[in-house]
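S.K.: generate coordinates for the sequence data below:
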Amino acid sequence: MSLKNKINWAEFEGLSTEEWKASIEKFLKGKPLESLQQSIEAAYSISPFYRKGEVEPLVLPQLDAPKTWAIAEKIEVAGDLAASQKAVAEALNGGANMLILDFQKGKGKDIKEVLQGVHLNMISLKMQGEALGIFAEDYLRELGRFSYSSDLDLLLAGNSFQALSWQQLYGGTYPKLRAFQINISLKDGAITALSDALMEIKFAFEELRAAGAPPWDAQHYFQINFELEENYFRSIAAIRAFKRLWLGVLEAQGLEKVVWPWIHAQAAVAERKKDLYWQMIANSTQALAAAVGQVHSLELPILGTAEQRPFARRIARNVQHLLQLESHLNEVQDPAAGAYYIETYSQILIKASWEQFLEKA
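M.R.: As a prediction, the model looks like this:
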């Protein structure tokens, strides 16, 4: 027998808004409910108490939404290729399914040794770093020579000029190449960060259009790098808000059929920078925020001494395994839907960021 058939919900009388407020204020010891109003930013505030009729739900299309997010781990490549190759193997054997190769030194031929034995059709790959900006063509050429996969989700991090060049030269070889990286850092506030990102996206579309790329193709070239913060609710609301803002930009481009960009979340280093265990806690809450916001990939920072880092890496991966395999957040269409506080927060960010964007544009 289902729960629905067991319980007669009509037997439970609903409370009016006035009754709820009176109950809350009782626990506030006489203080008004308005005393709990929180200032967000730019003269916007939010209440912790909303009723269904007061909230405008954010309805987002599923489009090509990921079934789950990729567990990303950053590997530095700075001379000791054997050590980098060992770190790659440990990450993948430990449950990561996305590699972020940070090339600080070396040349294109190094990638063959670093990725030795890796099946690229089974993972996602992001390449970044100072050496990539100098030898990008060598890295991409070598990557294609030893382990080509047309299904590889390949992300490159560079400036706007490099992104256009890479997309033109290698977009045909790697159909899932995303070279236009838009950075959104929430540490100084979400509204300005989101509106600045919209301006970057607008300029990128103009640059791509001038280069002959139609908007339908151009929308596939973007990756959004979200630097989260320890403010749990703002991180969730900002990710959800960005998705609606992205649709607004594509609507302005005249696109009827749209896709999401690749959204990569990067957890911020906690304020207690030297406290390894505090960072693990911060990683957990930021990972949950990214999961609820529904990103494509997530990277958690690894702190500690050389002896502590292997343990910290394992915990960073296992936190995400718990969210996926035990909490099953990756199987929910929109975990934040119906949470009136987050719904309202999302709508505030959408409205304020779009207005700020129009002023700049």
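S.K.: contacts only, for residue 113.
M.R.: By Cβ atoms under 8 Å, 6 or more residues apart in numbering, residue 113 lies in contact with 81, 82, 85. To be clear about C-beta, it is placed using only N, CA and C from the backbone, and glycine gets the same treatment.
S.K.: average pLDDT across the helix or strand the last one falls within?
M.R.: To tie it back to what came earlier, the one meant is residue 85. Take DSSP states H and E as the rule and residue 85 turns out to sit in helix 81-93. For helix 81-93, mean pLDDT is 95.
S.K.: export it to CSV, keeping only CA atoms.
M.R.: Only the C-alpha atoms of helix 81-93 are listed here, as CSV (Å, rounded to 0.1, in the frame of the first residue of the first chain):
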residue,chain,number,x,y,z
LEU,A,81,56.6,13.1,-15.8
ALA,A,82,56.7,9.8,-13.9
ALA,A,83,55.3,11.4,-10.8
SER,A,84,52.5,13.0,-12.9
GLN,A,85,51.7,9.7,-14.6
LYS,A,86,51.5,8.0,-11.2
ALA,A,87,49.2,10.8,-9.9
VAL,A,88,46.9,10.2,-13.0
ALA,A,89,46.7,6.5,-12.3
GLU,A,90,46.0,7.0,-8.6
ALA,A,91,43.2,9.5,-9.4
LEU,A,92,41.5,7.3,-12.0
ASN,A,93,41.9,4.2,-9.9
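S.K.: what's the offset of it from the middle of its chain?
M.R.: 24 Å (Cα atoms, centre = their mean, to the nearest Å).
S.K.: which strand residues bridge residue 177?
M.R.: Beta bridges link residue 177 to residue 154, judged by DSSP bridges.
S.K.: taking the centroid of the chain, which residue is nearest it?
M.R.: A centroid search over the chain (Cα atoms, centre = their mean) returns residue 265, at 3.1 Å, as the residue closest to the centre.
S.K.: quick check: buried residues in stretch 163-179?
M.R.: Neighbour counts over stretch 163-179 (16 or more other Cβ atoms under 10 Å) mark 163, 164, 166, 167, 170, 171, 174, 177, 178, 179 as buried.
S.K.: out of those, which sit inside helices?
M.R.: 163, 164, 166, 167, 170 (DSSP state H).
S.K.: mind putting these into a markdown table with distance to residue 199 and pLDDT?
M.R.: A markdown table is the format used below for these (distance: Cβ to Cβ, whole Å; pLDDT from 0 to 100):
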| residue | distance to residue 199 | pLDDT |
| --- | --- | --- |
| 163 | 16 | 90 |
| 164 | 17 | 88 |
| 166 | 22 | 88 |
| 167 | 20 | 90 |
| 170 | 26 | 86 |
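S.K.: nearest to residue 156, of those residues?
M.R.: Proximity of those to residue 156, judged by Cβ to Cβ, is greatest for residue 166, which lies at 5.6 Å.
S.K.: how close does the closest one sit to residue 126?
M.R.: 13 Å (Cβ to Cβ, to the nearest Å).
S.K.: who touches both of those two?
M.R.: The contact lists of residue 166 and residue 126 share residue 156, where a contact means Cβ under 8 Å, 6+ apart.
S.K.: sticking with residue 181, tell me its helix or strand.
M.R.: Residue 181 belongs to strand 180-185, assigned by DSSP H and E.
S.K.: who are the packing partners of that strand?
M.R.: helix 160-170, helix 190-210, strand 222-227 (3 or more Cβ pairs under 8 Å, 6 or more residues apart in numbering; DSSP states H and E).
S.K.: for the record, mean pLDDT for the shortest one?
M.R.: For strand 222-227, the mean pLDDT works out to 96.
S.K.: ok, and what's touching it?
M.R.: 126, 155, 157, 178-187, 197, 201, 204, 235, 238-239, 242, 261-266, 268, 290, 295.
S.K.: give me the buried subset of the residues you listed.
M.R.: 126, 155, 157, 178-182, 184-186, 197, 201, 204, 235, 238-239, 242, 261-266, 268, 290, 295.
S.K.: ok so, going back, give me the nearest residue to the residue nearest to the centre of the chain, chain neighbours excluded.
M.R.: residue 290 (3.9 Å; Cβ to Cβ, 6 or more residues apart in numbering).
S.K.: how far away is the one you found from residue 222?
M.R.: Taken as Cβ to Cβ, the span from residue 290 to residue 222 is 18 Å.
S.K.: what's the neighbour count on residue 309?
M.R.: 14 (other Cβ atoms under 10 Å).
S.K.: ok, the longest strand anywhere in the chain: who's next to it in the sheet?
M.R.: In the chain, assigned by DSSP state E, the strand with the most residues is strand 70-77. Sheet pairing here is set by DSSP bridges, and for strand 70-77 it gives strand 98-103 (parallel), strand 297-299 (parallel).
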